[in-house]
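Undergrad: Okay, sequence plus prediction incoming.
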Amino acid sequence: MPALELEGRITRKEAKQSGQSARGAWVKQDFILEYQDGSFPAEVCFTSFGNDKVAELDKYQVGDEVKVSFNLRAREYNGRWYNDVRVWRLSPVGQQSPSAPQPSAPQSTYSQMPPQAPAPSIEDMPAEDEESNDLPF
């Protein structure tokens, strides 16, 4: 799955929540990010879960522009589905990740990509051999 990222402005930070589970103590904090969806602003609620992620969120204030890298998860409970939009990295807008090289000038990444072979088609697949098929069905 490709990395999921959004850039926007923090519009609200909710109160920190903490508790105790079978796995131990936990802490989380939700925040609202406003981003541009075409011509209109949209909002999404993110969850920073764990001491390190909540401490990372503490570095930012309402009004700060951030880039959020996140994972999407869903779970079912009593016939209803609940989505979890969980942060795994926060950074100021315009800052590259620490492991990424800093380009000296904007360049097109398309021209730097090597040519790739076309994806295989059904005709490229080997013929099925009844004897080598070890599946029980």
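TA: Looks like it came in fine.

Undergrad: Where in this structure is the helix or strand with the lowest mean pLDDT?
TA: helix 109-112 (a mean of 48; mean pLDDT, DSSP states H and E).

Undergrad: Where does the prediction get shaky in the protein?
TA: 1-2, 95-137 (pLDDT under 70).

Undergrad: Show me where it has its helices.
TA: 51-58, 109-112 (DSSP state H).

Undergrad: What are the buried residues along the first one?
TA: Translated: helix 51-58. Neighbour-count burial for helix 51-58, counted by 16 or more other C-beta atoms under 10 Å, picks out 53-54, 56-57. The way it works is simple: take the backbone N, C-alpha and C, and place the C-beta from them, glycine included.

Undergrad: With stretch 60-74 instead?
TA: For stretch 60-74, the buried set under the neighbour-count rule, 16+ other C-beta under 10 Å, comprises 60, 66-68, 70.

Undergrad: Let me have these in a markdown table, extended by distance to P92.
TA: Compiled in a markdown table, the buried residues of stretch 60-74 are given as follows (distance: C-beta to C-beta, whole Å):
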| residue | distance to P92 |
| --- | --- |
| Y60 | 8 |
| V66 | 6 |
| K67 | 7 |
| V68 | 11 |
| F70 | 16 |
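
Undergrad: For N83, state which of those is nearest.
TA: Each of the buried residues of stretch 60-74 was scored against N83 by C-beta to C-beta, and F70 proved nearest at 11.3 Å.
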